[in-house]
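**Student:** My questions are about this predicted structure, shown below with the sequence.
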Amino acid sequence: MRRYTTPTIELTVEGVDLSGNRVWVSFRQATRKLDVEPESMEKDGDDTVLLVSLTQAQTSKLKRGKARVQVNWVGGGKRGATDIAEFDVTENLLERVIDDD
């Protein structure tokens, strides 16, 4: 993920049908935290595919280096979570939010 961009991230939760659950995708890097609800969620066989879009302001909160992501959900009186995955945050030479106007 590159800082100050607007990525749409696809995450697959394997072997879990998240239909009917509230779902959050958490991004962490040291003390920096982003908790985002997915914009879409589709069942694909035994898996659930999530799409999460981030804003320039959200990606600017992360610094260059390693970060972590995890999916949490709650429904029917139960809570679940995926394993934590690591990803790289890369720099952007133009370090500011740019309006599309």
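**Tutor:** Received the coordinates, thanks.
**Student:** Geometric centre of the chain: which residue is closest?
**Tutor:** Nearest to the centroid of the C-alpha atoms of the chain, with distances taken as CA atoms, centre = their mean, sits residue 25, at 4.5 Å.
**Student:** Just confirm that one is within a strand.
**Tutor:** Yes - according to DSSP: H, G, I helix; E, B strand; the rest coil, residue 25 belongs to a strand.
**Student:** so what's it up against?
**Tutor:** Neighbour list for residue 25: 9, 11, 35-38, 50, 52, 69-71 [criterion: CB atoms under 8 Å, 6 or more residues apart in numbering]. C-beta here means a position set from N, CA and C on the backbone, and glycine is covered the same way.
**Student:** Restricted to buried residues, select those residues in ChimeraX.
**Tutor:** What follows is the ChimeraX syntax for the buried subset of the contacts of residue 25, where burial is set by 16 or more other CB atoms under 10 Å:
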select :9,11,36,38,50,52,69,71
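**Student:** Pipe the contacts of residue 25 into CSV and attach distance to residue 93, pLDDT and secondary structure per row.
**Tutor:** Below are these laid out as CSV (distance: CB to CB, whole Å; pLDDT from 0 to 100; DSSP: H, G, I helix; E, B strand; the rest coil):
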residue, distance to residue 93, pLDDT, secondary structure
9, 22, 97, strand
11, 28, 98, strand
35, 28, 98, strand
36, 25, 98, strand
37, 31, 98, coil
38, 30, 98, coil
50, 30, 98, strand
52, 25, 98, strand
69, 24, 98, strand
70, 30, 98, strand
71, 31, 98, strand
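**Student:** Now residue 60: phi and psi?
**Tutor:** Residue 60 adopts backbone torsions of phi -70, psi -20, taken as degrees, to the nearest 10.
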